[in-house]
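Colleague: using only what follows, build the 3D model:
(chains A, B, C, D and E)
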Amino acid sequence: MQWLFLSSLLPFIHSLNEIDEDYRGCANDTEIMDHILHETKLTYNRHRLPSIPVELRIEMWVQEVTSLSELTQDFEIDLYVNEYWTDPGLEYRNLNPCQLNISFDSTMLQDIWTPNTCFINSKKAQIHSSPFTNVFLMVFPNGSIWSNWRIKGTGPCKLDLSKFPMDNVNCSLTLESYNYNRMEVLMVWNDVALIQFKDIELPDFTMYNYSTTSNKQYYAAGYWDELTVTFYFRRRYGWYLLQGFIPTYMTTFISWIPFYLGPRAIPARTMIGVNALLAMTFQFGNIMRNLPRVSYIKAIDVWVLGGIGFVFASLAELAVVGFLMKDEGRPSTLSHSSTRKWNLKKMSSNSRTSNHHCENKLTVVQKSERVDQCARFMFPVIYSLYNFLYWGVYMRSALENAQM
Amino acid sequence: MQWLFLSSLLPFIHSLNEIDEDYRGCANDTEIMDHILHETKLTYNRHRLPSIPVELRIEMWVQEVTSLSELTQDFEIDLYVNEYWTDPGLEYRNLNPCQLNISFDSTMLQDIWTPNTCFINSKKAQIHSSPFTNVFLMVFPNGSIWSNWRIKGTGPCKLDLSKFPMDNVNCSLTLESYNYNRMEVLMVWNDVALIQFKDIELPDFTMYNYSTTSNKQYYAAGYWDELTVTFYFRRRYGWYLLQGFIPTYMTTFISWIPFYLGPRAIPARTMIGVNALLAMTFQFGNIMRNLPRVSYIKAIDVWVLGGIGFVFASLAELAVVGFLMKDEGRPSTLSHSSTRKWNLKKMSSNSRTSNHHCENKLTVVQKSERVDQCARFMFPVIYSLYNFLYWGVYMRSALENAQM
Amino acid sequence: MQWLFLSSLLPFIHSLNEIDEDYRGCANDTEIMDHILHETKLTYNRHRLPSIPVELRIEMWVQEVTSLSELTQDFEIDLYVNEYWTDPGLEYRNLNPCQLNISFDSTMLQDIWTPNTCFINSKKAQIHSSPFTNVFLMVFPNGSIWSNWRIKGTGPCKLDLSKFPMDNVNCSLTLESYNYNRMEVLMVWNDVALIQFKDIELPDFTMYNYSTTSNKQYYAAGYWDELTVTFYFRRRYGWYLLQGFIPTYMTTFISWIPFYLGPRAIPARTMIGVNALLAMTFQFGNIMRNLPRVSYIKAIDVWVLGGIGFVFASLAELAVVGFLMKDEGRPSTLSHSSTRKWNLKKMSSNSRTSNHHCENKLTVVQKSERVDQCARFMFPVIYSLYNFLYWGVYMRSALENAQM
Amino acid sequence: MQWLFLSSLLPFIHSLNEIDEDYRGCANDTEIMDHILHETKLTYNRHRLPSIPVELRIEMWVQEVTSLSELTQDFEIDLYVNEYWTDPGLEYRNLNPCQLNISFDSTMLQDIWTPNTCFINSKKAQIHSSPFTNVFLMVFPNGSIWSNWRIKGTGPCKLDLSKFPMDNVNCSLTLESYNYNRMEVLMVWNDVALIQFKDIELPDFTMYNYSTTSNKQYYAAGYWDELTVTFYFRRRYGWYLLQGFIPTYMTTFISWIPFYLGPRAIPARTMIGVNALLAMTFQFGNIMRNLPRVSYIKAIDVWVLGGIGFVFASLAELAVVGFLMKDEGRPSTLSHSSTRKWNLKKMSSNSRTSNHHCENKLTVVQKSERVDQCARFMFPVIYSLYNFLYWGVYMRSALENAQM
Amino acid sequence: MQWLFLSSLLPFIHSLNEIDEDYRGCANDTEIMDHILHETKLTYNRHRLPSIPVELRIEMWVQEVTSLSELTQDFEIDLYVNEYWTDPGLEYRNLNPCQLNISFDSTMLQDIWTPNTCFINSKKAQIHSSPFTNVFLMVFPNGSIWSNWRIKGTGPCKLDLSKFPMDNVNCSLTLESYNYNRMEVLMVWNDVALIQFKDIELPDFTMYNYSTTSNKQYYAAGYWDELTVTFYFRRRYGWYLLQGFIPTYMTTFISWIPFYLGPRAIPARTMIGVNALLAMTFQFGNIMRNLPRVSYIKAIDVWVLGGIGFVFASLAELAVVGFLMKDEGRPSTLSHSSTRKWNLKKMSSNSRTSNHHCENKLTVVQKSERVDQCARFMFPVIYSLYNFLYWGVYMRSALENAQM
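Modeller: A predicted model of the protein is given here:
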């Protein structure tokens, strides 16, 4: 028996149709259909295998990927599944047909043997009905059958969020004949296993590759052929940069403003520090809301915790300055009255003590200032280092993914 | 064979009915139905094409668009699909019928050949059942068949959010005969391809146009006729002005209040600046929540990032003023005690040093004041320029859309 | 033929049943059913119209309105639809029946002619199945048929939110025979067209009225009878007063507290003003979340924007006071040291300069105070006026609605 | 005819079965089934009433209540409905059966007369299919039939939230024969009308009671028997105490901290007051989100509005203190320079004026202090009174409910 | 009759198949199928029990657990259910079959007797249709039948959140023959009752064990066999540590910063305290949102209430410091003018009074300082103790769970 490669040979068959159409003296559709629908029915048993084993060729056409959800860890795809097998019981070659194929709709599927091909790892899969069932069935004179159905399928995705949002996701669907093991039905991918109608682009994912594999799965009742198609998606992290990284950068920069306000502006500095921290946790919560509650550390966790750490450090710097300055007020008041007292008392004496005291007092403010100056310099430097490190580690892996 | 143009000729047919009603000696419905339902059934095969090719005319009536979702990128429409073809096998002209047409309900659809017209890009499409199936089938004496079904369909939309919320959206539905290629079924739009029952107005969209196109689609089994109807929607951005732009304007204006509070009101100024920034990011988040996570920059992103930039700039101005004023407090206290000391010490000496010092001190405050004065002038000016630029760019494209 | 008015005559029929039950010599149910189910079937054709035209009487019983959603602009209703027509083919008067009616369940509906009455503007409508199909079918001796089905229907609502939350909503459902025009099926409302089982009260809506209308709708295949029932709902705005208006009142009142804190409490006043504004926008966002994104101005928008305007005005007043007071600090410090210097220098001189300066300084504070005093008076007055105006305009329309 | 009381007599029947199993010479299942399925079918008409009237006994077994939603005002229940009636047409006593009952599955239900018992107030009700239809049908030799089906039903609840969260909810389901009035089918509750498989505990509700009632409902076609089961739920308000009351207590207590900070800490006091108010409204909004938008005042509304009132009062107290202290700053500065001037001018004079002035000034602060002292005492006292009153009123009703 | 143990013996059977395939002279599939489908049908009654009792063996294969929801208290599982029983009516041993088994698809299930095994505690359960029904049916020569169906089931979970997020959850599904009691169908677990295809890992749960039990359940119609499979899940609390515990730690630490800012920085300290409290309640609310409203105290409640308590305590400490410092301002101003007056007046007198006064004043500040110093030490100490206690209690139980 000679196999037809669906996407390669069928156009050819079709062209044959056109040629043969003006051919006369052949059996027309009516006769053939009568043959198939009525005569055949007497001897045809839809439970009986057409041959042992039945060779079943599969080809998929991907129409659209409509969603990919991190929370439920699945994706939704619209695809056409093409099955190709030969059922000698439906052969009508001997009738000298005018047409090289006859089309049927979905009702025919209940009357003939089908391999019962199912997506065995799907969460949901149903043939589109828009509004009539999207099943196409073509019978060729030699009994070859081409079955095509458009389905909406929901399949599982494997997420590794440890590099989120620079991560990749791969999602797969596995076809199996639910009823027949590989002694009965031998499933193979067609030479052209999968055709994409267009580039698959989701708002936050790009499908950059796919693969088709087949392996034998052992069950209690024998070995089953498993055809798996895997889709590889890369996250488009533009949105996350805009909504996740830019705000945290901004918040971090704002948390450095206090270093320039001087050690006396404690209320203003506190306000900035506290609000920066609040904003940071708020932004964190917003991004986390759409992610599953995985137990490992994600790249975005590292980033936000790092950002929170820097804001917290600036708040700690505030605490240090505040602690140093705490005594500035009191001695000032103290010195205020005491030095004046002193001054007035020892009006003609030398001002050494007073000077000395002032120096002491200055030292307190100067110490604070020095802490601020140090922070003004150190925070950007360390933050830059942190950034180099962070982006170095995670972007490299993102780039590696991009090269795949 | 003479084609009937549904929406133009059918009323005429109907008027014929009225005239012919008092015509006697004709076969009544019962006889015709018996003929169609019983006699025909013996020879009729619903899998057989009535003619090769079958000419199929399509006309759509749009009842309502019930939703258009940016997040799932689809729209939901209630529409009537009218199909018109001729099936010689159902001809009853020869019976001399009294009525020029006979109506059937949905059960009849299972018994006759149908073109199996499907929306092949729909996410979901089902014939309304409210509570009985919304299928109307009319058979004319010459075997012409008019099939009408009301469906609720969900189809894909193409969103380009780069001009959001001044953007347009177009949504389309594509009809195809699922089982028959154009050698078998030739699909054409009716002369009046689409009728709108009323203006389509969604809360945030207006349908301003539609188009119907037909093209040939190549599949493995030949060329298929594809009839596509595209609906063009324009966003009604009133809500976004009210909820998105007015609050950001207000927040920006508030961020300018600090310039008038003087350089000493650092806590109050900080509070205003920090809160304006928080409000801005909060407003940003609220608008973003209902949009898909696209990776490109939207008009609203430009706007909000611009707004955040201006608030951030006002906060930076605060930092500058704060930095200048930082030393005001200290010298003041210093001068406070030192100048007094000085004064008391050099009670009779000239006040030049003191004056000089004051001038210095004044300079610090005056510098800050000058920064504030400059900001008071520059911020509104630059913001106005930014506004002219922004609205110029985006409104022009919105106006262009409006003229379409 | 004499029409039965369902809700008026049927009890009477029922009482007849009771009387006739002890009547002997009549055909019992078994015989009649055999007649209807078996004998009739041979000649009965369920596609054939029982008469031309068929007079169809409709009566509705409203059980419950379960929801009314502004976002999707629809309502959900549980109702019983009663249809009443006469089918001579099912007449069994001649059998001398014992009972004046026979009941059937939903399976019978597939075997007899039905008018195929559908809700043609429904989003969804299905016969309740709880757990058995809620269809009641009664055949009377003269062939009259009473069909009753309980459905859950979702129909469109017309919202005009411009007076929200003092607005009214009207929702409608339209019945049409999907298959037969008014030449074939003549639909009329029963004398008692609609019965409410109880007052319809939703948490935030009250149904205060309903209307039933009928009109002819022109389609390509003739005129169709359309029976429309419209339900009028009035919003119960108690919740919106509590959650929307009271908080904004409170926030507005709080924004007046700063006027009493004196011109020097700039930080405290800023905090109150800024927080009042934040609270206002937050409250605004909360109310808006459940409303569709309409492009026009709603009553609540006017209210909240008004409230935001008043808070903003109080913030502007703060800016004015802050601007006036800005110079108070500096001259004060200046005067502090300079006047003291002056005092010490010119210890015995007259205090005119000093006094003059003080007067000047006082003027600054007094000016601010006067601004505050003015605000303390003007804000409540203008706000009251605004309130009178607002409530006058919108409550009048609410009252007008209430009188309807 | 002798009635079987399902839950009481059936075990007995079952024990009979065991005894009779070794009884020989009896008709086995095959014969009986052949009789029921084949012979009976010739004469049996599933539309015919088995007797006039049919006595129908109902018994319910409650398996689980899976949810109770305030927003949609309904509850979801898994229950078994048992129906018991006698159909002489299925009697097989005369066959001398070996077994005292025969079981059938759901397919049998389409072949025999059923009372068509429906939940007529359900929003949704469907027989469980897990994965096979959960219908149990047992036929006894005397033609008695026991039908049992497990359904998931959604029924309406009557909520009176005026005592929320100390409120009770009662939910009901009403059974009616959809097709037969009480002349035809007489529905009664079984002696043991309802059996609970276990205590019904939802996370926030406890079912504390149930009741079964039956009444006659008048429709156009006669009187119908209505069997209603009502479930009484009591809210478990632990969660609301934790999430609603404790936070508002805490917020109220925090709003009292300002009274201890002295009249000069206006910024700190403002911050606390304003933030307490914000927190209060935020907490209010959180609790409200899950409740329907009822127009009346709920117990929680009273509580939160009370809480907001107290916080607002503390803010008003702040305004009073702020107003009193407003002039403290100015006279202080005034006195500062003027008294000094005075002092320096009248260096040797008595300090009476100065003292007098100080007293005046002290009075301002003292006044404020006295206001604070008063508040420190009055707020807790009034709040305690408010609490006694509040809990007294609402807990009493809660306790009353508990005793029911 | 000799039982086949599905997972152990079936491979063996399968290997037999391979050996026998080249065996000639045997009845081929066609003959056997004709026998089963046609001849058998004449005598076979699908309502009749194949034997009394039927022994039914159950084996489950767990494919995947797709979700486990705390809110709805259920889990969703994809599993294969294998049933194994013998039906002598389908025996074809005597035909000398070539193959040792014959496969059928789901349509066969309607034609033979099935035990009607149902999940009686499931919320939902349906056989996968992806897109063809996932039913596998194999008939062996001796009439043994192996039925396998893949279902998506939703079953109840028992949650005890009192140790949340260190809690365990167990979820169960119970199989019962809906129609037959244990006199008729005897259900037993297969020797290998359950096979896991892979480790079950949800984002926040790990399945660490399962158990299969069987017990007799008494109903009105006899004893039923109940086979229950229970899955034990352990929560993976990594996410909760990151999102729940780390933020509260941070907030608590921040609430200690005020102790270092000195008693005069009241506004800054207030801001930190108030914001820490706001952040704490906000974090609390975020975690609570995804949990059912249980009425008992959860481990996370204890933790957050503890955290709120500590922050509240730090705010109380602020109130104490504020109260102590309240009088510092006034005497200071008082002393300011009075002491100067004094100084100038008694320029040459001793400074005892002044000193005394200063000491008094110092005492106020020192007292506050001492309170702060005490807090600086006590808060971390008590917090550490609280942590030891908390983690000791709850981690021990978590560890105990881990050892299970």
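Colleague: would you map the strands across the stretch 101-250 of chain A?
Modeller: With DSSP state E, counting those that start in this stretch, the ranges of strands along the stretch 101-250 of chain A come out as A:102-104, A:117-119, A:124-127, A:135-139, A:144-159, A:168-177, A:185-196, A:201-202, A:205-219, A:222-235.
Colleague: check whether the third one comes near chain B.
Modeller: No. Legend: contact between strand A:124-127 and chain B by C-beta under 8 Å from any C-beta of the partner chain is lacking; minimum distance shown is 10.4 Å. Yep, even glycine has a C-beta here, placed from its N, CA and C like the rest.
Colleague: pairing partners for that strand, with directions?
Modeller: Its sheet considered, strand A:124-127 pairs with strand A:144-159 (antiparallel) by DSSP bridges.
Colleague: average pLDDT for stretch A:396-404?
Modeller: What stretch A:396-404 shows for mean pLDDT is 70.
Colleague: around chain E, pick out the residues from the stretch 1-150 of chain A.
Modeller: A:45, A:47-49, A:72-73, A:114, A:116-127, A:149.
Colleague: okay, now the unreliable bits of the stretch 1-150 of chain A?
Modeller: Screening the stretch 1-150 of chain A residue by residue with the criterion pLDDT under 70, one finds the ranges A:1-28, A:39-41.
Colleague: cutoff 80 now
Modeller: Judged by pLDDT under 80, the stretch 1-150 of chain A has its weakly predicted residues at A:1-43, A:98-100.
Colleague: what is the burial count for the residue in it positioned nearest to chain E?
Modeller: Here the residue of the stretch 1-150 of chain A nearest chain E is A:Ala125; by C-beta to the nearest C-beta that distance is 3.8 Å. Using other C-beta atoms under 10 Å in any protein chain shown, A:Ala125 is surrounded by 23 other residues.
Colleague: in what helix or strand does the residue of the stretch 151-300 of chain A found nearest chain C lie?
Modeller: Of all residues in the stretch 151-300 of chain A, A:Pro267 sits closest to chain C, at 7.2 Å by C-beta to the nearest C-beta. Here A:Pro267 sits within helix A:266-288, counting by DSSP states H and E.
Colleague: equivalent analysis for A:Arg264, please.
Modeller: Using DSSP H and E, no element contains A:Arg264; it sits outside every helix and strand.
Colleague: that one contacts A:Leu324, doesn't it?
Modeller: No. Taking C-beta atoms under 8 Å as the contact criterion, A:Arg264 and A:Leu324 are not neighbours in contact, 11.3 Å apart.
Colleague: and the one residue sitting closest to the centre of chain A, how far from A:Tyr208?
Modeller: Nearest to the geometric centre of chain A sits A:Val169, at 4.8 Å (C-alpha atoms, centre = their mean). In this structure, A:Val169 and A:Tyr208 are 11 Å apart, going by C-beta to C-beta, to the nearest Å.
Colleague: what sits in contact with each of those two?
Modeller: Both A:Val169 and A:Tyr208 are in contact with A:232-233, where contact means C-beta atoms under 8 Å, 6 or more residues apart in numbering or on different chains.
Colleague: quick revisit: which of the residues of the stretch 1-150 of chain A next to chain E are buried?
Modeller: Neighbour-count burial within the residues of the stretch 1-150 of chain A next to chain E applies to A:47-49, A:72-73, A:114, A:116-125, A:127, A:149; the criterion is 16 or more other C-beta atoms under 10 Å in any protein chain shown.
Colleague: sorry, back to before: any idea what the residue of the stretch 1-150 of chain A closest to chain E is bridged to?
Modeller: Beta-bridge partners, per DSSP bridges, of A:Ala125: A:Gly153.
Colleague: quick check, it in contact with A:Trp149.
Modeller: No. A:Ala125 is beyond contact range of A:Trp149, at 10.2 Å (criterion: C-beta under 8 Å).
Colleague: now do the shared contacts for these two.
Modeller: With contacts defined as C-beta under 8 Å, 6+ apart, the residues adjacent to both A:Ala125 and A:Trp149 are E:Pro131.
Colleague: and the longest helix seen in chain A with strand A:222-235, angle?
Modeller: Selection of the longest helix in chain A by residue count, based on DSSP state H, yields helix A:352-403. Helix A:352-403 runs at 130 degrees relative to strand A:222-235, counting by axes from the mean of the first three to the mean of the last three C-alpha atoms, to 10 degrees.
Colleague: OK, contacts around the closest residue to A:His35 other than its chain neighbours?
Modeller: In this structure, A:His35 finds its nearest non-sequential neighbour in A:Tyr92, 5.7 Å apart by C-beta to C-beta, 6 or more residues apart in numbering or on different chains. Remark: with contacts taken as C-beta under 8 Å, 6+ apart, A:Tyr92 is in contact with A:27, A:32, A:35-36, A:139, A:141, A:143.
Colleague: go on, A:Val81?
Modeller: With C-beta under 8 Å, 6+ apart, A:Val81 has these contacts: A:58-60, A:117, A:148-149, A:151, A:175.
Colleague: what of A:Ile127?
Modeller: Taking C-beta under 8 Å, 6+ apart, we find A:Ile127 in contact with A:106, A:133-135, A:149-151, E:131.
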